[in-house]
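Novice: Got a predicted structure here, sequence first:
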Amino acid sequence: MRPGKMMRQVLGSIFKKPATILYPAAKLEMPDKFRGKLKYYAAACIGCKLCMKDCPTGAIIINKVGDKQFEAIIDLARCIYCAQCVDSCPKKALEATKDVELAQLDEKRLKITFTLNDPEGKVTEQT
Ligand code: SF4
Ligand code: SF4
């Protein structure tokens, strides 16, 4: 590259918006249709277990917890975020969110129970 052209590119880059962000100080904006942490709507679930059957990693378990009541246990450390379970669910009881902030030192904390009262399935903080 000629020095003149290179200098123009260098000077032009000074005024361009950076391609990176100052994470975690700046919030991550994930694109539409991004497949992050799952969400489970127990009220919509009919317990058909199609999500379990179609999950390629065995990361999701549906348990009956009462009369027509179910909970989901999802191992976010085994999950590959393919969203096959979301596509397989006939009741739209599962959703892939844009949440990617799941880093943990102890992978057992990523085995999460999603219930009627807790569709987000909170990842407990490290203590
Ligand atoms: S996103 Fe994929 S790997 Fe994760 S629970 Fe659903 S089907 Fe299984
Ligand atoms: S596929 Fe949907 S409705 Fe069926 S058990 Fe899974 S979450 Fe519930």
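Specialist: That came through fine. Numbers count the residues shown, from 1 in each chain. Ligands and ions are numbered 1, 2, ... in the order given.
Novice: I'd guessed Val86 sits against Cys79; true?
Specialist: No: checked against C-beta atoms under 8 Å, the pair Val86 and Cys79 is beyond contact range at 11.4 Å. Yep, even glycine has a C-beta here, placed from its N, CA and C like the rest.
Novice: With neighbour numbers in mind, choose between these two.
Specialist: A count of neighbours by other C-beta atoms under 10 Å puts Cys79 above the other of Val86 and Cys79, at 21 against 16.
Novice: thinking again about what came up before, now the common contact residues for Val86 and Cys79.
Specialist: For the pair Val86 and Cys79, residues contacting each of them under the criterion C-beta atoms under 8 Å, 6 or more residues apart in numbering are Leu38.
Novice: How about the residues of this structure by ligand 2?
Specialist: By C-beta under 6 Å from any ligand atom, the part of the chain that sits against ligand 2 consists of 45-51, 62, 88-89, 91, 93-94.
Novice: any idea which of those residues is closest to Ala26?
Specialist: Here the nearest of these to Ala26, counting by C-beta to C-beta, is Leu94; it sits at 29.4 Å.
Novice: Skipping adjacent residues, who's closest to that closest one in space?
Specialist: The shortest distance from Leu94 to any residue that is not its chain neighbour, by C-beta to C-beta, 6 or more residues apart in numbering, is 4.7 Å, and that residue is Val86.
Novice: Nothing else from me, thank you.
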